[in-house]
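*Asks:* Predicted model and sequence below, questions to follow.
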Amino acid sequence: MLRVPADFEKIQASRPDFRRDAEVTYTKSPNPAWKQGDGANDGGACLEKDHIEIDPSEEGRPVASNYKFLISAMVPRPIALISTRSADGKTTNLAPFSYSQVINHDPPLFTVGVTGSIEKAKDTLKNLNDTGECVINIISEHFLEAANSTSINAPYGVSEWETSGLHQAPTTVVKPARVKESIVSIEGKLVELKEFESRVTPGKKTGVLAIIEGVRFWVRDDAINEERNLVDLKVLKPISRLGGISYGRTTEAIEIPRPEFEAS
């Protein structure tokens, strides 16, 4: 669990206000004149730096150190705000996961990493395992606080829909609702669950990988082009996960064409 600084409210108050009208801008790449074989664009400065080696399983290294290291190094990470419901339909759940990614397009496949084990599954994993269904919702700037609030450690049966104030919208193929506020939502069917065991404490199950197939896409009409194949970044305004309790905005982008190999 990441601790919030005791004086966080004071720190927050000292910062500039959030710029809701910030536009997405495109800049040149760091070195527009770069050509094949040039290497890094910093003139070799990075080659003068030294590195240290870390064994994630070394004796005496707390598992929490690996967690803090990884979430601060593997950034930015997309966040899957996942909605599920229990097998009996009596309880619903909404929770964010930043161990998530799209891994294929035909079929559309997504991965989500969940801490814990199948045997002692928390809300999302329990519901996903029991029903094989979920909705992956993309988080945008306009409901960041509400999305963050769904990470609350509420007991099973308490719905984060209510505590967050987010609204349910109908789905077609799966039973869990999608988030109405979300510009992009994906109805998903579970393909497989893969459980992993601790290297530090053999026998202890510490994580589960869920592979999910997207069976329906939902996108707000002002965010999609006529061909229905491109989501407008300026409308989506996605939020990403950084280290600690930090989130990232995407307000600046760089375009670099993929090179074509030419045989000499």
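*Replies:* The structure has been received and is ready for your questions.
*Asks:* Now do the buried residues in the longest helix along the chain.
*Replies:* In the chain, taking DSSP state H as the definition, the longest helix is helix 63-73. Buried residues in helix 63-73, counted by 16 or more other Cβ atoms under 10 Å: I71. Just so you know, the C-beta spots here come from the backbone N, C-alpha and C atoms, and that holds for glycine as well.
*Asks:* neighbouring contacts of the helix or strand just after it?
*Replies:* Where DSSP states H and E defines the elements, the next helix or strand beyond helix 63-73 is strand 77-78. Strand 77-78 is contacted by residues 71, 98-101, 138, 238, 240-242 when judged by Cβ atoms under 8 Å, 6 or more residues apart in numbering.
*Asks:* isn't S86 right up against L128?
*Replies:* No - counting by Cβ atoms under 8 Å, L128 is not a contact partner of S86; they are 10.6 Å apart.
*Asks:* give me the number of residues near T27?
*Replies:* Residues lying near T27 (other Cβ atoms under 10 Å) number 9.
*Asks:* mind checking how far R228 is from W218?
*Replies:* As for R228, its distance to W218 is 12 Å (criterion: Cβ to Cβ, to the nearest Å).
*Asks:* wait, I meant A87
*Replies:* From A87 to W218 the distance is 24 Å (Cβ to Cβ).
*Asks:* between these two, which one's more packed in?
*Replies:* W218 (19 against 14).
*Asks:* pLDDT wise, what is the more buried one at?
*Replies:* W218 is assigned a predicted lDDT (pLDDT) of 98.
*Asks:* Can you classify the residue lying closest to T91 once chain neighbours are set aside by secondary structure?
*Replies:* Counting by Cβ to Cβ, 6 or more residues apart in numbering, T91 lies nearest to G157, which is 5.0 Å off, once chain neighbours are set aside. Assigned with DSSP: H, G, I helix; E, B strand; the rest coil, G157 falls in the coil class.
*Asks:* Do you know the pLDDT at G157?
*Replies:* Here, the pLDDT recorded for G157 equals 78.
*Asks:* Hmm, it is touching T92, no?
*Replies:* No - contact criterion Cβ under 8 Å: G157 and T92 do not qualify, at 9.6 Å.
*Asks:* In contact with E145, which residues?
*Replies:* Per Cβ under 8 Å, 6+ apart, neighbours of E145: none.
*Asks:* So, low pLDDT: which residues of this protein?
*Replies:* 1-3 (pLDDT under 70).
*Asks:* related to what we said a few turns ago, mind checking which of S86 and L128 has more residues around it?
*Replies:* Legend: neighbour count by other Cβ under 10 Å for S86 and L128, higher for L128 (24 against 18).
*Asks:* Could you confirm the more buried one falls within a helix?
*Replies:* Yes - with three-state DSSP as the criterion, L128 is assigned to a helix.
*Asks:* does it really touch S83, like I thought?
*Replies:* No - using Cβ under 8 Å, L128 makes no contact with S83, being 10.4 Å away.
*Asks:* Name the residues contacting each of these two.
*Replies:* C134.
*Asks:* Show me the strands in the stretch 51-200 of the chain, by range?
*Replies:* 77-78, 80-85, 92-97, 100-105, 108-115, 133-138, 168-169, 178-179, 184-197 (DSSP state E, counting those that start in this stretch).
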